[in-house]
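[1] with the sequence up front, the predicted model follows.
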Amino acid sequence: MSEVDARATVGQAAGRGHVVAWGFWDWGSSAFNAVILTFVFSVYLTDKVGDDLPGGISPSAWLGWALGIAGLVVAVTAPVSGQWFDASAKRKRSLAVLTGLCIGSMTLMFFVHDDYHYLWLGLVLLGFGSAFFELAGVPYNAMLRQVSTPATVGRVSGFGWAMGYFGGIFLLLICYFGFISGSGDSRGLLGIPTDDGLNIRLVAIVAAVWFAAFALPVLFAVPELPRTDADPGAANAGFFGSYRVLVRDLRELWAADRRTAGFLIASAIFRDGLAGVFTFGAVLAVRVYDIADSDVLLFGIAANVVAALGAIVAGRFDDRGGPKIVIVVSLASMIICGLALLVVSGPLMFWIFGLLLTVFVGPAQSSARSFLARLAPPGREGQLFGLYTTTGRAVSFLAPTFFGLFVWFFDNDRAGIIGLTLVLALGLIALLPVRSPDPTAIAASPGANEQPN
């Protein structure tokens, strides 16, 4: 197969239709993240299926371990997987396979009955689904370079994040009002029986169909990555040889531009802080600010809406001034809002400052993706986004640990906010020395013309 100059792949499919098709994958993938992993199936698994589990280990602990194992697999394999996707010119095919495997795992969740004997099946499917979902994000994020130009990468990244937020909200509302709301033996507007967890098991099917339907456009609209000269030897290195290629490539990147390493470290820290905001937001809303349980979902919807709108607006600032300024302003604003939440009380103040805080989550996430896309040498985006996933996994303990430590030390749930803002501040401090990429430049590919060792 002939190789092309890797720079030719930048903006290869930057038409409006390509961008919309790419964004629909984000819209569809929220079915796994919001419905399966966060709000519906995981709760069903721990509260219903594992309710009568014998032994001294809780279903929640088993869930944590299952997801932890899946995360470890992702952390170890993501960089070399992304490296191989790019070098073998199978980025889109890999996205299709990994997405299909995730959807398959979601579909099989229908067979997880409300009986503790099925807990293990549910844990295995959730673990596999989580691993496939995160690995699918590597080639998907790498495609950002194909569907955008150096002048539009910020806007396109923001559009994708916003699609994910809105897709999750829309599907959650469908599932809640159609299958979950109400009380008694039948739930939702469709009157689905709750016996044997049927209503939740059907939600898993709906989520799988949703993901499948909205994942298809990108697979038809965006062309496959051509084989490039960006990473000699990576396509034929084999599994263990891929790690040797990875080490070689990291040395080249370190020698050519140390910003990449600096940004991967900084982004791993502040992205964990961003995740912590949503992870512990509902807990704080109820336990500290007296938000009614029934209003938590409303706040969650509002928070996702403002985060999505923030990502869309910030994308334009990203393209004009570069992604670093967007991230710095977002993190600084979140820290200020977090400090304000330490001293205010009551539902109204939480709504005001909580929404002000979350409006900056979308811009920080979106510009972090565009920052790395601008830094990545053309043809090696998958490798870099694989490392992005790995470094994020490596520090994913920070926000939960800091939150728990401050709650324990001060014996006050409100003190957990200090832990979250501290993680955001550490990420901001780590980011400040990292020089912003040129918004209009295309990074060079170090070692592109060298022969493999």
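    Yep, that arrived. Just so you know, these numbers come straight off a predicted model, no measurement behind them.
[2] quick one: low-confidence parts of the stretch 251-400 of the chain?
    Under the criterion of pLDDT under 70, the regions of the stretch 251-400 of the chain flagged as low confidence span 293-294.
[3] ok, for Leu355, nearest residue in space, not its chain neighbours?
    Val306 (5.4 Å; C-beta to C-beta, 6 or more residues apart in numbering). C-beta: built from backbone N, CA, C; applies to glycine.
[4] for that neighbour, what are its contacts?
    Listed by C-beta atoms under 8 Å, 6 or more residues apart in numbering, the contact set of Val306 reads Leu355, Thr358, Val359, Gly362.
[5] also Gly17?
    Ala221.
[6] the one 5 residues further on too?
    The neighbourhood of Trp22, defined by C-beta under 8 Å, 6+ apart, consists of Tyr140, Met143, Leu144, Val147, Val156, Gly160, Val218, Ala221, Val222.
[7] 6 Å instead?
    Going by C-beta atoms under 6 Å, 6 or more residues apart in numbering, Trp22 touches Val147, Val218.
[8] secondary structure element for it?
    Taking DSSP states H and E as the criterion, Trp22 maps to helix 16-30.
[9] what does the next helix or strand after that helix rub up against?
    Downstream of helix 16-30, the first helix or strand assigned by DSSP H and E is helix 41-44. Contact with helix 41-44 is made by Ile200, Ala204, as judged by C-beta under 6 Å, 6+ apart.
[10] rerun that using 8 Å as the cut-off
    Helix 41-44 is contacted by residues Val35, Ile36, Leu63, Met109, Gly122, Leu126, Gly197, Ile200, Val203, Ala204, Ala207 when judged by C-beta under 8 Å, 6+ apart.
[11] one more: stretch 61-76?
    The contact list for stretch 61-76, computed with C-beta under 8 Å, 6+ apart, reads 42, 45-46, 50, 53, 119, 123-124, 126-128, 130-131, 134-135, 389-390, 393-394, 396.
[12] then that stretch to PDB, C-alphas only?
    C-alpha atoms of stretch 61-76 as PDB (Å, rounded to 0.1, in the frame of the first residue of the first chain):
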ATOM      1  CA  ALA A  61     -17.700  -2.800  45.700                       C
ATOM      2  CA  TRP A  62     -17.900  -5.400  43.000                       C
ATOM      3  CA  LEU A  63     -19.000  -2.800  40.500                       C
ATOM      4  CA  GLY A  64     -16.100  -0.600  41.500                       C
ATOM      5  CA  TRP A  65     -13.600  -3.500  41.000                       C
ATOM      6  CA  ALA A  66     -15.200  -4.500  37.700                       C
ATOM      7  CA  LEU A  67     -14.900  -1.000  36.300                       C
ATOM      8  CA  GLY A  68     -11.400  -0.700  37.800                       C
ATOM      9  CA  ILE A  69     -10.200  -3.800  35.900                       C
ATOM     10  CA  ALA A  70     -11.800  -2.400  32.700                       C
ATOM     11  CA  GLY A  71     -10.000   0.900  33.300                       C
ATOM     12  CA  LEU A  72      -6.700  -0.900  33.800                       C
ATOM     13  CA  VAL A  73      -7.100  -2.700  30.500                       C
ATOM     14  CA  VAL A  74      -7.800   0.600  28.800                       C
ATOM     15  CA  ALA A  75      -4.900   2.300  30.400                       C
ATOM     16  CA  VAL A  76      -2.400  -0.400  29.200                       C
END
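[13] ok and the helix or strand harbouring Leu309 relative to helix 16-30, angle-wise?
    Using DSSP H and E, Leu309 sits within helix 293-321. Here the directions of helix 293-321 and helix 16-30 differ by 150 degrees (axes from the mean of the first three to the mean of the last three C-alpha atoms, to 10 degrees).
[14] list the buried residues in helix 293-321.
    For helix 293-321, the neighbour count (16 or more other C-beta atoms under 10 Å) marks 299-300, 302-315, 317-319 as buried.
[15] now it, how far from the centre of its chain.
    15 Å (C-alpha atoms, centre = their mean, to the nearest Å).
[16] next secondary structure after that helix?
    helix 323-343.
[17] whichever helix or strand comes after that following helix - contacts with which helices or strands?
    For helix 323-343, the following helix or strand on the C-terminal side (DSSP H and E) is helix 347-358. Using 3 or more C-beta pairs under 8 Å, 6 or more residues apart in numbering; DSSP states H and E, the elements in contact with helix 347-358 are helix 259-287, helix 293-321, helix 323-343.
[18] tell me what angle helix 347-358 forms with helix 259-287.
    Relative orientation of helix 347-358 versus helix 259-287 (the same axes, to 10 degrees): 170 degrees.
[19] got the contact list for helix 347-358?
    Helix 347-358 has contacts (C-beta under 8 Å, 6+ apart) with 277-278, 281, 284-285, 288-292, 295, 299, 302-304, 306-307, 333-334, 337-338, 340-341, 344.
[20] and with 7 Å instead?
    Residues outside helix 347-358 that contact it (C-beta atoms under 7 Å, 6 or more residues apart in numbering) are 277, 281, 285, 289-291, 299, 302-303, 306-307, 334, 337-338, 340-341, 344.
[21] can you give me the buried ones in it?
    For helix 347-358, by 16+ other C-beta under 10 Å, it's Phe350, Trp351, Phe353, Gly354, Leu355, Leu356, Leu357, Thr358.
[22] now the element after that helix, going C-ward?
    helix 361-375.
[23] can you name every helix or strand that the next helix or strand after that following helix contacts?
    Helices and strands here follow DSSP H and E; after helix 361-375, the next one along the chain is helix 381-394. With contacts taken as 3 or more C-beta pairs under 7 Å, 6 or more residues apart in numbering; DSSP states H and E, helix 381-394 sits against helix 59-87, helix 119-142, helix 259-287, helix 361-375.
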